[in-house]
Every structure is written in structure tokens, then in C-alpha cells.
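[1] Below is the sequence, then the predicted model.
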Amino acid sequence: MELSPQQIQQRIAAGEKFCIIDVREQWEFQAAAITGSNLVPMGSVPTRIQELEAQADISPLLVICHHGVRSLNVVQWLRQQGLENCTSLIGGIDQWSRDVDTTVPRY
């Protein structure tokens, strides 16, 4: 259910495509974001489940938040709804910024 920033980076380098779903709030997304990510605040996930299911049919969902707690909760919920093609980023965007892309601001 979880992958580290390094594991994600390796898979992307190998050509795997992810749909990055950022479940933080708008102000957090404005403060720091991974290029190409899609903002879907945690509270709106249930109303956007069909959209997420359709996207997961195209590519795996990589769910991110600030430190990896909200994203893991969202992945657990999505899997309970039958959407298995999703994973959470361990440590969130903060860990991504420290380990993979230092140009992403930390807050």
C-alpha cells in the first residue's frame, strides 16, 4: 500500500507512469506541489471516486499528502471501495522534497 520516494523514482525512471493524486488542501498545494500532480482534497475523494476509478484504469494512482498519513488513509479507503491500483507515498511530499526533488519547497 506504500512506496518510498526512492521506489517511485526508480519506477518512473524505468518508464512507469503514475497519476499523482494530491489529497492536501488548496493552500498546501499552492505552497508546494509535484509537477503534474492533480489536486483532489481528501474531503472530496468520495465524491470523485468514479473519476479516480477511471484514472486508475489508465495508470496506477500515487496518492500523496504532506507526511504520508492522509494519503495512506485515502488509499485504505479506496481499496475498501474496490480500487486496488493505488499506493501512498511514504513520508509524503516532505520526504519527496528531501530525497528526490529538492526544488519542491518544504513547509
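    That came through fine. Numbers count the residues shown, from 1 in each chain.

[2] Start from the N-terminal end of the chain and give the strands.
    2-3, 19-22, 38-39, 61-64, 86-89 (DSSP state E).

[3] what about the last one, distance to the chain center?
    Using CA atoms, centre = their mean, to the nearest Å, the mean C-alpha position of strand 86-89 is found 6 Å from that of the whole chain.

[4] outside of that strand, which residues touch it?
    1-5, 8, 21, 52, 56, 60-65, 68, 71-72, 74-75, 78-79, 95-96 (CB atoms under 8 Å, 6 or more residues apart in numbering). In short, each C-beta sits where N, CA and C put it, glycine included.

[5] Could you count how many residues lie near residue 52?
    23 (other CB atoms under 10 Å).

[6] whoops, residue 4 was the one
    Neighbourhood size, residue 4 [other CB under 10 Å]: 16.

[7] Could I get the contacting residues of it?
    Residue 4 sits next to 89-91, 95, 99 when contact means CB under 8 Å, 6+ apart.

[8] do you know how far it is from residue 95?
    For residue 4, the distance to residue 95 (CB to CB, to the nearest Å) stands at 8 Å.

[9] quick check: longest helix of the chain.
    Across the chain, the longest stretch assigned as helix under DSSP state H is helix 69-80.

[10] Mind pulling up the pLDDT for residue 106?
    Reading off the confidence values, residue 106 has pLDDT 97.

[11] Setting the sequence-adjacent residues aside, check what's closest to residue 45.
    In this structure, residue 45 finds its nearest non-sequential neighbour in residue 74, 5.6 Å apart by CB to CB, 6 or more residues apart in numbering.

[12] Averaged pLDDT, stretch 81-100. What do you get?
    97.
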